[in-house]
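Participant: Sequence plus predicted model, see below.
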Amino acid sequence: STSVIVCKLVVGLKETPVAHFPSPSRLCYVQLQPQPTTMSILIKVVCLLLSFAFIMAGSGKLTPALVGDDMHQELSGKFVTYAKAYDTAKFDITAEQFRQLIGAVEVTAVVLLWVSPRLGSFLLISVMLGAIYTHFLVEDQPAEAIPAAVLLALSLIVFIGSGAQSVAKKAGKSE
């Protein structure tokens, strides 16, 4: 009796036999990557936009290298006001340290967007809610909170979309 290799085409999580070959009994699989969905493409595009925005914003809080001295000085001045509003001095945190912490969190969130979109977007949502609250706390003009609100909306798209993809993947595995 001759044994047969059964080749199966694996698309996503479903297997489809594609050929039979005489050979010692082994299974042969051809793994194909599933086609990207509209949602996964949208999430990637939004992640790119968020990455660009937060690399600029986060690094601008850390160093003037990408945004220039004028923008960096402007941010430094604003963070003096923000640090006073939150009374960070009682925690031994200076305005400069507060600014650098927020910048480091933003840059870290960009990395996480590509490693774990749900976690990265959750971190950005938290930072943007804090930013919007801070603008109102220090009585900035409402228009000053608009960029944070737009970035919040984009972060929510990634958070909700990546959660939906995660649920869809789990549902596909149970079939």
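Facilitator: Looks like it came in fine.

Participant: And the helices in this protein?
Facilitator: Using DSSP state H, the helices of the chain run over 38-62, 69-86, 95-115, 117-137, 146-174.

Participant: Give the residue spans of this protein that score low on pLDDT.
Facilitator: 1-36, 164-175 (pLDDT under 70).

Participant: list the contacts for the residue nearest the centre of the chain?
Facilitator: Most central residue of the chain, judged by C-alpha distance to the mean C-alpha position with C-alpha atoms, centre = their mean, is Leu113 at 2.4 Å. By C-beta atoms under 8 Å, 6 or more residues apart in numbering, the contact set of Leu113 is Cys47, Leu50, Ser51, Gly120, Ser121, Leu124, Val158. (C-beta placed from N, C-alpha, C; glycine too.)

Participant: Closest one of these to His72?
Facilitator: Using C-beta to C-beta, Ser51 comes nearest to His72 of the contacts of Leu113, at 20.1 Å.

Participant: what separates the nearest residue to the closest one once chain neighbours are set aside from Ser126, distance-wise?
Facilitator: In space, Ser51 comes closest to Val110 once its chain neighbours are excluded; the distance is 4.9 Å by C-beta to C-beta, 6 or more residues apart in numbering. Noted for Val110: a distance of 14 Å to Ser126, by C-beta to C-beta, to the nearest Å.

Participant: more crowded one of the two?
Facilitator: Val110 (21 against 14; other C-beta atoms under 10 Å).

Participant: that older thread, pick out the most distant pair among the contacts of Leu113.
Facilitator: Across the contacts of Leu113, the longest distance by C-beta to C-beta is 11.4 Å; it joins Ser51 and Ser121.

Participant: about what we covered before: reformat the contacts of Leu113 as TSV; add distance to Gln100.
Facilitator: Putting the contacts of Leu113 into TSV (distance: C-beta to C-beta, whole Å) gives the following:
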residue	distance to Gln100
Cys47	24
Leu50	20
Ser51	20
Gly120	20
Ser121	22
Leu124	18
Val158	25
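
Participant: Of the residues you listed, just say which sits nearest to Ile102.
Facilitator: For those, the residue nearest Ile102 by C-beta to C-beta is Leu124; the value is 11.6 Å.

Participant: Can you get me a residue count around Met128?
Facilitator: By the criterion of other C-beta under 10 Å, Met128 has 23 neighbours.

Participant: okay, now the closest residue to it other than its chain neighbours: neighbour count?
Facilitator: Spatial nearest neighbour of Met128, excluding adjacent residues (C-beta to C-beta, 6+ apart): Leu152 at 3.8 Å. The number of residues packed around Leu152, counting by other C-beta under 10 Å, is 19.
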